[in-house]
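1. Mind folding the following:
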Amino acid sequence: MPLPLAHAAIGLTTHELLGENQPIHSLWKKLALIGLLANLPDIDVVIGLLLQGDGSVFHRGPTHSLLFALAMGWLACRAFLWWSRTASVSVIWCASIILSHVLADALFTSAPVSFLWPFEVHWSREHCGWLDVIDSVLLGSWSDMGLIFGAGLVILFSRVLRLRVLPYLQPRPVRLTSRSGLDSKKPGP
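-> Sure thing, here's the model as predicted:
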């Protein structure tokens, strides 16, 4: 199961693959926003811990859905506009970063997610107290090193592809010449 560091790495990879250069003026704001959005669906663990002392009681429900990603993407877009006042991020970009969490949980764990909530709901079945959550966040991230390494490789390959290969695949402007071989743009003799 991906933990916060892996979700942040997957969110950063999603940002890289989207190819959008979101106009976030400082690196720390970009990383903070990506880390926050990529881990936002797990707010249900915090809510479960605060309300019932069990982080799994609401886990993998509505916060792990497409509807949540779109709604929170819109809200995050508006909040970032208020917070930054100099730049904005798109709703689709925010929703994609949030959705990367849901897709990672669906792909890398055996438990289902409630992707189409409210039409389907899947709850986590295990008990997860405060110590379990703290232990998994602080010590369990070592098990995510494969995901983090894989995300780093995808980012590296994406950048190499963008810098080295894609410029050669772009169509080049055609230069028209006359029958005599002289450039048609140059004045004749």
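
2. I'd assumed His15 was in contact with Ser158.
-> No: counting by Cβ atoms under 8 Å, His15 is not a contact partner of Ser158; they are 10.3 Å apart. Yep, even glycine has a C-beta here, placed from its N, CA and C like the rest.

3. Compare the two and say which is more crowded by neighbours.
-> His15 (24 against 14; other Cβ atoms under 10 Å).

4. these two touch, right, Gly73 and His101?
-> No: between Gly73 and His101 there is no contact under Cβ under 8 Å: 11.9 Å.

5. So which of the two has more stuff around it?
-> More crowded of Gly73 and His101, by other Cβ under 10 Å: His101, with 28 against 23.

6. where's the more buried one, which helix or strand?
-> If you go by DSSP states H and E, His101 is part of helix 91-108.

7. Would you mind writing the CA trace of that helix as CSV?
-> Output of helix 91-108 as CSV, limited to C-alpha atoms (Å, rounded to 0.1, in the frame of the first residue of the first chain):
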residue,chain,number,x,y,z
VAL,A,91,-8.8,22.3,-11.9
ILE,A,92,-7.8,19.4,-14.1
TRP,A,93,-4.2,19.6,-12.9
CYS,A,94,-5.4,19.6,-9.2
ALA,A,95,-7.9,16.8,-9.8
SER,A,96,-5.3,14.7,-11.7
ILE,A,97,-2.8,14.9,-8.8
ILE,A,98,-5.6,13.9,-6.3
LEU,A,99,-6.7,11.1,-8.7
SER,A,100,-3.1,9.8,-8.8
HIS,A,101,-3.6,8.8,-5.2
VAL,A,102,-6.8,6.8,-5.9
LEU,A,103,-5.3,5.1,-8.9
ALA,A,104,-2.2,4.2,-7.0
ASP,A,105,-4.3,2.6,-4.2
ALA,A,106,-6.3,0.7,-6.8
LEU,A,107,-3.2,-0.6,-8.6
PHE,A,108,-0.9,-1.3,-5.8
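
8. elements contacting that helix?
-> helix 4-18, helix 27-39, helix 66-84 (3 or more Cβ pairs under 8 Å, 6 or more residues apart in numbering; DSSP states H and E).

9. Looking at those, which is nearest to Ser143?
-> helix 4-18 (8.7 Å; Cβ to Cβ).
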